[in-house]
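1. Could you work out the structure for the sequence below:
(one chain, ligands or ions: 1)
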Amino acid sequence: MAGSADRYYVTTPIYYVNDKPHLGHAYTTVAADVVSRWHRMNGRSVHFLTGVDEHGQKVLQAADKKGISPQQHVDEMVQPYQRLWQALGIRYDDFIRTTEPRHERVVQAVLQKLKDQGDLYEDVYEGWYSTSAERFWTEKDLVDGKCPDTGQPVEWVRETNWFFRMGKYADQLRDWLDRHPDFVQPESRRNEVLGYLKKDVGDLCISRPASRMSWGIPFPWDDQFVTYVWFDALLNYITALGYHPDGPTSELFAKYWPADHQLVGKDILTTHSVYWSTMLFALGLTPARCLYAHGWWTVEGQKMSKSLGNVVDPHLLIDEYGVDTFRYHLLREISFGSDGDFSHSALMARYNADLANDLGNLLHRAVSMSHKWLGGEVRALGETTAADEALDVLCTRAAGTYTAELEALHFDRAFDALWELIGAGNKYIDTQEPWALNRNGDHARLGAVLRRCLEIVRVAALLLQPVMPGKAQALLAQLGLTGDAPLPLHRVDGLDGLTEGAVLPPGDPVFPRMMELPARVQQLLDGVGGGKGTAAPADKLDRKPKPPPAPKKEPPVAEDSKDLISIDDFAKVELKTGRILEAAPHPDADRLLVFKVDVGEETPRTIVAGIASRFEPETLIGQTVIVVANLKPAKLRGVESQGMMLAAGGKQVKGLCTVTEPVLPGTPVR
Ligand code: MSP
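-> Numbering: from 1, shown residues only. The predicted structure follows:
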């Protein structure tokens, strides 16, 4: 972790209130929430600051348009942010608004101090001003004569203004970057900043004449001027801590500054790395330990626009997928620092692969086999075999890597490490063959194998608490571990945290498989794709996946027949009971499921069945079925099926055939 071992300060940018909170805002704020929850769980004092940027011309214009005061306008506009943070489970410690007196009065004191020490001067300023970006540009910055950031028109403005001697501190900043190679991350962004600093660094215009733009903080010695939006906004990171240039030093400031992580989007890296750092130097303060610039999301391959914004409205995503899935997807899908694309089909695929199949299946297999064969009891670990030891080593490594990567904000790499362990857990079941252990009556080893699988789920749930607080609690509850507060992370690296003899409570699947996109999402996607004048061509949008063409060979299903057969004909069919050990979607066909079924033979059989429209695969694990055992193997969409399961219904399967009393797998059926 950056910073001292026992405290952690993380900030997000303060968002312009004029915008509705969107996916990009949710992204940074979720990242800050995850890392601050993590440090809190590790017993550190954490301060997590977010907030809103409430000054500037756009706010004034929007308020004028509504016929209300700018203060009334910002009081309304801040609410969607606070509502969204609540819905997303964001546990910030402080929320700053730049119109609060605690902020405004310190900004004024900072202006006074900088003027007194000769770091501010008055001059005539002219340049191309972009109202949309609220900043000046030089001629060569413009793209097709328009603002390079927003693409909006610019106007030539000539006026007297106040300037901050930013150039005076440029060498100090170059030196700082030299001595703190981790200050700007990721590395590629650091190079960008170094490139910027190769040029002459000019001074910074920090005022607006109040006659032209009154919605700002007045200069203390001349109320004909208000501060320029960035100068005001950047100071929030210390005004919120109670900093005052004339002292006394507040407790919060003494404890938490410099921040450990300041999270920003790549578009506001210069303002933070250059403007903010030089402002801090002028105040005799040091910059944060790390300024981390993340990438931007596009939506379905396109820049976020109003119409596409609806398709990824964070509230829609929370309502339709659940807050935890959304939080996980944001941090899993792209590495923090790179750009990435959001699509609903990618979210669904990610959910099904990582959560329903890998993690959900591991839990379900271990819990259901424990219930079937061990009365749901957590058993002893027993003697350690080589395979167990490999799992122990992997677990320690996974927890260590997860910790280091998460604390470095490399969320995707943290998940990679954890999923390696989860994958190993599923493989361990396959190789240890608990069904064979059960059949052979080796209950001690059976208990030990299932115990280790349950332990892996416990470790995964503990590590995932900051990311998916609700789902992690649900996983832990299925292991019989409950508590209102997050469970402490100590001993996370050992596969021996459960209590021997504890009985696992019954529970529903924590990550049921998602069969199709939610109807509301599909409707919106259809609307955007088909709507007139929308930015996104229909073919680029997330469409419901087309049903695959019907497989050439239909999986056999029972059908009525009018022709009578002899008893000898019937005797040719070898029917046996089988127990479903594993069930998963066919990799290549939506309507097929692939099963591993124990039919009392050395190895379980693979059976492919066309029942995906009727059953969630996880719900079938542990069921007893009737298997046609002497059917010629047939390949169904590339997977060899070694038998067939009897089912009631015609082409539309209504239910699987089973037996009324418990019988061993492989029992003949006549
Ligand atoms: N008010 C300033 C920040 C002042 S901080 C002292 C501001 N506000 S903003 O609301 O326009 O943007 C806030 C953040 O949202 C920025 O970090 C920006 O990178 C981020 N994003 C805006 N669109 C985004 C995406 N499409 N994807 C990811 N993040 C995006 O700038």
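2. what mean pLDDT does stretch 471-485 have?
-> Here stretch 471-485 scores 88 as its mean pLDDT.
3. Show me what that stretch is in contact with.
-> Stretch 471-485 has contacts (Cβ atoms under 8 Å, 6 or more residues apart in numbering) with 322, 324-325, 355, 359, 363, 367, 378, 454, 457-458, 460-462, 464-465, 486-487, 498-499, 502-505, 507, 510-511. For every residue, glycine as well, the C-beta is placed using N, CA and C.
4. Give the buried subset of those residues as a PyMOL selection command.
-> The buried residues among the contacts of stretch 471-485 can be selected in PyMOL (16 or more other Cβ atoms under 10 Å) with this line:
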select buried, resi 322+324+325+355+359+363+367+378+454+457+458+460+461+462+464+465+486+487+498+504+510+511
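5. In helices, which of the contacts of stretch 471-485 appear?
-> Residues of those located in helices (DSSP state H): 324-325, 363, 367, 454, 457-458, 460-462, 464.
6. out of the residues you listed, which one sits closest to residue 313?
-> residue 325 (15.4 Å; Cβ to Cβ).
7. Tell me how many other residues surround the residue nearest to that closest one when sequence neighbours are not counted.
-> Distances taken as Cβ to Cβ, 6 or more residues apart in numbering place residue 351 nearest to residue 325, at 5.5 Å, with adjacent residues excluded. By other Cβ atoms under 10 Å, the residues close to residue 351 number 22.
8. for residue 351, what are its contacts?
-> So residue 351 contacts 321, 325, 329, 511, 514 (Cβ under 8 Å, 6+ apart).
9. Give me the phi and psi angles of it.
-> phi -60, psi -50 (degrees, to the nearest 10).
10. What spatial separation is found between it and the ligand?
-> Residue 351 is 21 Å from the ligand, where distance means Cβ to the nearest ligand atom, to the nearest Å.
11. what about the residue in the chain that the ligand sits nearest to, how many neighbours?
-> Using Cβ to the nearest ligand atom, the single residue of the chain nearest to the ligand is residue 265, 1.5 Å away. Burial of residue 265 is recorded as 18 neighbouring residues (other Cβ under 10 Å).
12. Over to the one 10 residues further on?
-> Residues contacting residue 275 under the criterion other Cβ under 10 Å number 20.
13. Look at it and give its secondary structure.
-> helix (DSSP: H, G, I helix; E, B strand; the rest coil).
14. Next up, phi/psi of residue 26, please.
-> phi -60, psi -40.
15. residue contacts, it?
-> Contacts of residue 26 by Cβ under 8 Å, 6+ apart are 84, 88, 314, 326, 330.
16. what do you get for residue 447?
-> Residue 447 neighbours (Cβ under 8 Å, 6+ apart): 374, 377, 379-380, 382.
17. From the residues you listed, list the buried ones, please.
-> For the contacts of residue 447, buried by 16+ other Cβ under 10 Å: 374, 377, 379.
18. if we look at the sheet, which residues does residue 95 bridge to?
-> residue 50 (DSSP bridges).
19. That one contacts residue 51, correct?
-> Yes. Counting by Cβ atoms under 8 Å, residue 95 touches residue 51, with 5.1 Å between them.
20. Among these two, which residue is more densely surrounded?
-> residue 51 (25 against 18).
21. ranges for the helices of the stretch 401-550 of the chain?
-> Secondary structure of the stretch 401-550 of the chain (DSSP state H, counting those that start in this stretch): helices at 411-432, 434-439, 443-464, 469-478, 519-530.
22. quick one: stretch 87-96 to chain centroid distance?
-> In terms of Cα atoms, centre = their mean, to the nearest Å, the centre of stretch 87-96 is found 16 Å from the chain centre.
23. same thing with stretch 502-513?
-> Using Cα atoms, centre = their mean, the offset of stretch 502-513 from its chain centre is 23 Å.
24. coming back round to it: and the contacts of residue 351 as CSV, adding distance to the ligand and pLDDT?
-> Output for these, formatted as CSV (distance: Cβ to the nearest ligand atom, whole Å; pLDDT from 0 to 100):
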residue, distance to the ligand, pLDDT
321, 19, 98
325, 19, 98
329, 14, 98
511, 27, 96
514, 24, 94
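25. Find the pair from these with maximum spatial separation.
-> 329 and 511 (12.8 Å).
26. Surely residue 87 touches residue 317?
-> No. Assessed by Cβ under 8 Å, residue 87 is found out of contact with residue 317, at 10.0 Å.
27. and the buried ones among the contacts of residue 447 as TSV, adding distance to the ligand and pLDDT?
-> Supplementary listing: those in TSV, determined by distance: Cβ to the nearest ligand atom, whole Å; pLDDT from 0 to 100:
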residue	distance to the ligand	pLDDT
374	48	97
377	48	97
379	48	97
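28. Among the residues you listed, which one sits closest to residue 655?
-> Looking across these and measuring by Cβ to Cβ, the closest to residue 655 is residue 374, at 27.8 Å.
29. what sits against that closest one?
-> 443, 446-447, 450.
30. any idea which of those residues has the most stuff around it?
-> Counting by other Cβ under 10 Å, top hit in these: residue 450 with 27 neighbours.
31. ok, it to residue 375 distance?
-> 12 Å (Cβ to Cβ, to the nearest Å).
32. could you pull out the helices for the stretch 51-200 of the chain?
-> 57-66, 70-87, 101-116, 170-179, 187-198.
33. Who are the packing partners of the longest one?
-> If you count contacts as 3 or more Cβ pairs under 8 Å, 6 or more residues apart in numbering; DSSP states H and E, helix 70-87 packs onto helix 23-41, strand 45-53, helix 57-66, strand 94-97, helix 314-321.
34. is the ligand contacted by it?
-> No. Judged by Cβ under 6 Å from any ligand atom, helix 70-87 and the ligand are separated, with a smallest distance of 9.6 Å.
35. Same check on stretch 13-29?
-> Yes. Contact of stretch 13-29 with the ligand (Cβ under 6 Å from any ligand atom) involves 13-16, 19, 24-25, 27-28.
36. Can you add pLDDT and distance to residue 170 and give these back as CSV?
-> As requested, these are exported to CSV (pLDDT from 0 to 100; distance: Cβ to Cβ, whole Å):
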residue, pLDDT, distance to residue 170
13, 98, 23
14, 98, 25
15, 97, 29
16, 95, 28
19, 87, 32
24, 95, 30
25, 97, 31
27, 98, 31
28, 98, 28
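37. Tell me how many other residues crowd residue 427.
-> Other residues close to residue 427 by other Cβ under 10 Å number 12.
38. show me what contacts it?
-> So residue 427 contacts nothing (Cβ under 8 Å, 6+ apart).
39. measure it to residue 390 for me?
-> 10 Å.
40. Please apply the same query to residue 371.
-> Residue 371 sits 27 Å away from residue 390, taking Cβ to Cβ as the criterion.
41. These two - which one has more neighbours?
-> When neighbours are counted by other Cβ under 10 Å, residue 371 and residue 390 differ, and residue 371 comes out ahead with 15 against 12.
42. filter the contacts of residue 374 by proximity to the ligand?
-> Counting by Cβ under 6 Å from any ligand atom, no member of the contacts of residue 374 reaches the ligand.
43. And these, which is closest to residue 594?
-> residue 450 (22.6 Å).
44. these two touch, right, that closest one and residue 370?
-> Yes. At 5.1 Å, residue 450 and residue 370 qualify as touching, with contact defined as Cβ under 8 Å.
45. Let's have the contacts of residue 374 in a markdown table, adding pLDDT and distance to residue 642.
-> Listed next are these as a markdown table, based on pLDDT from 0 to 100; distance: Cβ to Cβ, whole Å:
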| residue | pLDDT | distance to residue 642 |
| --- | --- | --- |
| 443 | 96 | 28 |
| 446 | 97 | 25 |
| 447 | 98 | 29 |
| 450 | 98 | 26 |
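46. rewinding a little: tell me the predicted confidence for the residue nearest to residue 325.
-> For residue 351, pLDDT reads 97.
47. Also the one 10 residues further on?
-> In this prediction, residue 361 carries a pLDDT score of 93.
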